[in-house]
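Visitor: Just need the structure, nothing else, for what follows:
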Amino acid sequence: MTVFVIRRLFQSILTLFVTSLLIFFAVFAIGNPIDVLIDPAADQIEFERAMKALGLDQPIWDQYFIFLKNALQGDVGRSFVFNTPALELILQRFPATLELALTSLVIANVIGIPLGLYAGLKPESVGGRSIMAGSILGFSLPGFWVKLTMIMLFAVELGWFPAGGRGETATFLGITSSLFTVDGLSHIALPATGLSLFTMALVIRLTRSGVRETLPMDYIKFARAKGLRESRVISVHVLKNILIPIVTVMGLEFGGTVAFTVITETIFSWPGMGKLLIESINFLDRPVVVAYILLVATMFIGINLMVDLVYAVLDPRVRLSDTGSESK
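Guide: Below you'll find the model as predicted:
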């Protein structure tokens, strides 16, 4: 297990290096931020002074190596627009995005797993077929259209929920969140639900597929032959064995949800990292864009590592196969 973790850490460092290289040059190719930041009527002297102040007068490779050297010391640059450390600016918005992503993931699992179990246990019933039809809609409908429709229906027409914003926050055990207030819960309800629909559809289909594959297994027949209650057979023997693919997908989906909340945060005016990213792209604020993508890449790598470790806990065969591959 130790060799496995060390190898994964080395792969993670290499992935981060390649990611930083690709993103730095990709952002550099978008355009010159000076064209956005200074007055178009400025003369050449002011233009060159601004270029030098931001370090943009040097060759691209020199800029990258300076960035890499500073990044190894925890400094990924200062925002051109806000004149604030880019990482600090992103981390200020991170709690709101994390709160939204976690809430949507909880909604997707709390609703998706029971619906998937029902659809798997009773595939030919009207309820089972309806659930699967609904999951197809979750994959097919454009996310931005669904979210705008939710605002029109539940916020504008019915007036049940606010149309945007984070709402009132409160602090509990050192954690500040809108989940601790009624006003905050009403504000997060629509964006979290809209964000969870795709993941919910995925969980439903994964759960149903796992149930259909597991039910014919011999150990399920043996458990029933022993006289175990059906609820125990389902909760212990069936559910435990279908958790591995669900854990994998949820880990990856969580990273994806955090990374791609841009549309949801923009539509619902949610003050998270996604909204900051859109603003930074509009102003060609390179340090913020690069820092955001590196942070997301680090999250993906960390989540993948945790998923692999959870694999080993849920299924001992993973540990055995890993040990076997190392001994060859």
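Visitor: List the contacts of T264.
Guide: Applying CB atoms under 8 Å, 6 or more residues apart in numbering to T264 gives the contacts L100, G143, K147, P191, G194, L195, W270, G274. Every C-beta, even on glycine, is put in place using the N, C-alpha and C of the backbone.
Visitor: how near is it to A225?
Guide: 49 Å (CB to CB, to the nearest Å).
Visitor: re earlier: which ones among the contacts of T264 map onto helices?
Guide: Using DSSP state H, the subset of the contacts of T264 located in helices is L100, G143, K147, P191, G194, L195, G274.
Visitor: Show the backbone phi and psi for P59.
Guide: With angles defined as degrees, to the nearest 10, P59 sits at phi -60, psi 150.
Visitor: and the gap between it and P114?
Guide: With distances taken as CB to CB, P59 is found 58 Å from P114.
Visitor: what does R212 give?
Guide: 16 Å.
Visitor: got a pLDDT number for L37?
Guide: We note a pLDDT of 64 for L37 in this prediction.
Visitor: oh, and call the first residue 24 from now on, that's how I've got it
Guide: Sounds good: first residue 24 from here, last item L60.
Visitor: so where's this protein shaky on pLDDT?
Guide: Residue ranges of the chain with pLDDT under 70: 24-28, 52-67, 69-70, 73-74, 77, 79-80, 282-283, 330-351.
Visitor: let's go with 90 and repeat that
Guide: 24-126, 128-129, 131-133, 135-351 (pLDDT under 90).
Visitor: which residues of it fall in strands?
Guide: Taking DSSP state E as the criterion, the chain carries its strands at 193-195, 198-200.
Visitor: quick one, what contacts A215?
Guide: Applying CB under 8 Å, 6+ apart to A215 gives the contacts L123, T126, S127, I130.
Visitor: For it, give its distance to V312.
Guide: Using CB to CB, A215 is found at 26 Å from V312.
Visitor: same question, R116
Guide: Using CB to CB, R116 is found at 14 Å from V312.
Visitor: ok, these two, which is more surrounded?
Guide: V312 (22 against 19; other CB atoms under 10 Å).
Visitor: The more buried one contacts V50, correct?
Guide: Yes: the criterion here is CB atoms under 8 Å, and V312 meets it with V50 at 5.3 Å.
Visitor: which neighbours do these two share?
Guide: Both V312 and V50 lack any common contact, where contact means CB under 8 Å, 6+ apart.
Visitor: so how many other residues sit close to S200?
Guide: A total of 19 residues lie near S200 under the criterion other CB under 10 Å.
Visitor: what about the closest residue to it other than its chain neighbours, distance to G135?
Guide: Take S200 and drop its neighbours on the chain: the residue closest to it by CB to CB, 6 or more residues apart in numbering is E122, 5.5 Å away. With distances taken as CB to CB, E122 is found 20 Å from G135.
Visitor: For the two, indicate the residue with more neighbours.
Guide: The neighbour count for E122 versus G135, taken as other CB under 10 Å, is higher for G135 (27 against 22).
Visitor: need the contact list for that one.
Guide: G135 makes contact with T222, M223, A224, L225, V226, I227, T230, according to CB under 8 Å, 6+ apart.
Visitor: so can I have a markdown table of the residues you listed showing distance to F306 and neighbour count?
Guide: Below are the contacts of G135 laid out as a markdown table (distance: CB to CB, whole Å; neighbours: other CB atoms under 10 Å):
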| residue | distance to F306 | neighbour count |
| --- | --- | --- |
| T222 | 31 | 23 |
| M223 | 35 | 25 |
| A224 | 36 | 24 |
| L225 | 35 | 20 |
| V226 | 38 | 27 |
| I227 | 40 | 27 |
| T230 | 43 | 26 |
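Visitor: and of those, the nearest to F177?
Guide: Minimum distance to F177 across the contacts of G135 is 17.2 Å, recorded for M223 (CB to CB).
Visitor: so who does the closest one touch?
Guide: M223 makes contacts with I130, A131, I134, G135, S158, G161, as judged by CB under 8 Å, 6+ apart.
Visitor: Lovely, talk soon.
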